[in-house]
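*Asks:* need a structure here:
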Amino acid sequence: MDYSDVSTIAAWVTEQGLKGASEVELMTGFCAACRNAGLPLDRGLALMDTLHPVHEGRAFRWDSEEMVETEFEYGPSSAGEAAANWQRSAFYYLWSGNEKEVRRRIGFGDPIDFSLLDTIAAAGHTDFVAIMHRFAEAGTIGEMDCFFSHFSTKHPEGFSDHHLAILRKLVPVLGLAIKCIALGRIARTIAEVYLGEDAARQVMEGKISRGKSERISAALWFSDLLNYTKISDRVPPEEIIPLLNDYSEVAISAVHEAGGNVLKLIGDGVLAIFKGEVPAETCRAALKAEALLREKLRVLNAAREADGRPTTDVYIGLHIGDVFYGNIGSQDRLDFTVIGPAVNEVSRIASMCRSVDLNLLISSDFAAAIPEEQRASLACVGRYALRGVQRARELYTLDSARLNN
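*Replies:* Take a look at the predicted model:
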């Protein structure tokens, strides 16, 4: 392998990074190209921490004997067995010290003092090198402060000095390309976590101009926790966030599983929409979400009761109507949400649940839009004046809807 091959491989990695190839495609292509050019690679792995509410990072592995692209996500490495494994790794050795590279000629008597080395030594590998490229402070996002990679070979003589020199030239290019793709993934993750999947997609597609919105017809969901203020007054402060998280999880997951999009968390309240061209289908999806929520609540409340923790119910208002969906706010702070009289109305419908002792209220517009076979299960509650709504509205519920105080 000569230095002209270095230029060819670096150019390929750069091009693939600009095209948006996945991290595992970059890793696989890089290692295969190096091996084909004469660098005796038999195994390679790259990993980078990320900014994600569940996963600490992602890793990408290549093996010359496995023609399968391998990537995996890993959870927190700060406690338990995960922490112990991390602290035994060559990457931790580099991260916690001042060295940028560590090598173990495991086929020639070097100590097998890092995790994984015994496994690859047993598989016939003779030489191992781990490399760390640390980012400057401006290039760090969350826990993502460096790019790790390691490579090993089964060559009878291990890596030569020439092989290592070539790796040192090429790996930074690979790291830059993978970091580029990882940053795009992080941006999408942050947008989805804080905006919701549909709103995030629109923002990532460039719909970020203030005042840019579209008029859509959607089924609207507004839910809230029963007696949240009373519960928060009588439980220890450290119980409040877990309680909110537990009940938010069941409400949000129910909406998502039914095809809806959660747009806003307002204290203990959830505003969501169900988009679609056919009103009956969007309303059917909202009712499916309500049924899913009730199932999840039964499981959650049983678990919390068993632990001696406070439980509550969720009341929901459902409506359908035209709304404006898009960016609202100032030049410095925008919110991607829905506005319009229908949004105000669904929140007022939800707030009526406490007055009539029901955990579900449905507008007459929603009731008229649902499929006829489901309409038979509705019961009229009566006609009510809603605050901020010009005329009284007839409201409906399901026969099974009754608040569990």
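
*Asks:* ranges for the strands of the stretch 301-405 of the chain?
*Replies:* With DSSP state E, counting those that start in this stretch applied, the stretch 301-405 of the chain shows strands at 314-329, 334-339, 360-363, 378-384, 393-398, listed in chain order.

*Asks:* right, and residue 269 touches residue 221 too?
*Replies:* No: applying CB atoms under 8 Å, one finds residue 269 not in contact with residue 221, separated by 10.4 Å. C-beta: built from backbone N, CA, C; applies to glycine.

*Asks:* so the two - more neighbours on which side?
*Replies:* residue 221 (29 against 18; other CB atoms under 10 Å).

*Asks:* check the gap between residue 393 and residue 282 for me.
*Replies:* Remark: distance between residue 393 and residue 282 (CB to CB, to the nearest Å) = 19 Å.

*Asks:* more crowded one of those two?
*Replies:* residue 282 (23 against 20).

*Asks:* which residues sit in contact with that one?
*Replies:* By CB atoms under 8 Å, 6 or more residues apart in numbering, residue 282 lies in contact with 217, 218, 219, 274, 275, 276, 320, 369.

*Asks:* repeat the analysis, applying 6 Å as the threshold.
*Replies:* By CB atoms under 6 Å, 6 or more residues apart in numbering, the contact list for residue 282 reads 219, 274, 276.

*Asks:* hang on, the second one in a helix?
*Replies:* No: with the criterion set as DSSP: H, G, I helix; E, B strand; the rest coil, the secondary structure at residue 274 is strand rather than a helix.

*Asks:* what number of residues lie near the nearest residue to residue 246 once chain neighbours are set aside?
*Replies:* What sits nearest to residue 246 in space, not counting adjacent residues and going by CB to CB, 6 or more residues apart in numbering, is residue 300, at 5.9 Å. Residues near residue 300, counting by other CB under 10 Å, number 17.

*Asks:* which strand residues bridge residue 147?
*Replies:* Taking DSSP bridges as the rule, residue 147 bridges to residue 133.

*Asks:* that one contacts residue 133, correct?
*Replies:* Yes: judged on CB atoms under 6 Å, residue 147 makes contact with residue 133 at a distance of 4.6 Å.

*Asks:* more neighbours: those two, which one.
*Replies:* residue 147 (22 against 18).

*Asks:* give me every residue that touches the more buried one.
*Replies:* Residue 147 touches 48, 133, 175, counting by CB under 6 Å, 6+ apart.

*Asks:* what's the per-residue pLDDT of it here?
*Replies:* At residue 147, the pLDDT value in this model is 95.

*Asks:* where's it relative to residue 78, distance?
*Replies:* Distance of residue 147 to residue 78, computed by CB to CB: 20 Å.

*Asks:* ok, the residue nearest to residue 246 touching residue 248?
*Replies:* No: taking contacts as CB under 6 Å, residue 300 lies outside contact range of residue 248: 11.0 Å.

*Asks:* at which residues are the helices of the stretch 251-400 of the chain located?
*Replies:* In the stretch 251-400 of the chain, the segments counted as helices under DSSP state H, counting those that start in this stretch are 279-306, 341-351, 353-356, 364-369, 372-375.

*Asks:* also the stretch 51-200 of the chain?
*Replies:* Per DSSP H, counting those that start in this stretch, the stretch 51-200 of the chain carries helices over the ranges 80-87, 90-95, 117-122, 161-195, 197-204.

*Asks:* sketch out the low-pLDDT regions of the stretch 101-250 of the chain for me.
*Replies:* Scanning the stretch 101-250 of the chain for pLDDT under 70 picks out nothing.

*Asks:* please redo it, this time with the cut-off set to 90
*Replies:* Where the stretch 101-250 of the chain drops to pLDDT under 90, the residues are 137-145, 182, 184-216, 227-238.

*Asks:* just to revisit the earlier point, mean neighbour count, the helices of the stretch 251-400 of the chain: which tops it?
*Replies:* Burial of the helices of the stretch 251-400 of the chain is given as mean neighbour count (mean count of other CB atoms under 10 Å); helix 341-351 ranks first at a mean of 21.

*Asks:* tell me the angle that one makes with strand 334-339.
*Replies:* 80 degrees (axes from the mean of the first three to the mean of the last three CA atoms, to 10 degrees).

*Asks:* before we move on, back to that, quickly list what's touching both of residue 147 and residue 133.
*Replies:* Residues touching both residue 147 and residue 133 (CB under 6 Å, 6+ apart) are residue 175.

*Asks:* so residue 304 makes contact with residue 298?
*Replies:* No: applying CB under 6 Å, one finds residue 304 not in contact with residue 298, separated by 11.2 Å.

*Asks:* partners of residue 225 in the sheet?
*Replies:* Beta-bridge partners, per DSSP bridges, of residue 225: residue 314.

*Asks:* just residue 44 next, same as before
*Replies:* residue 62, residue 151.
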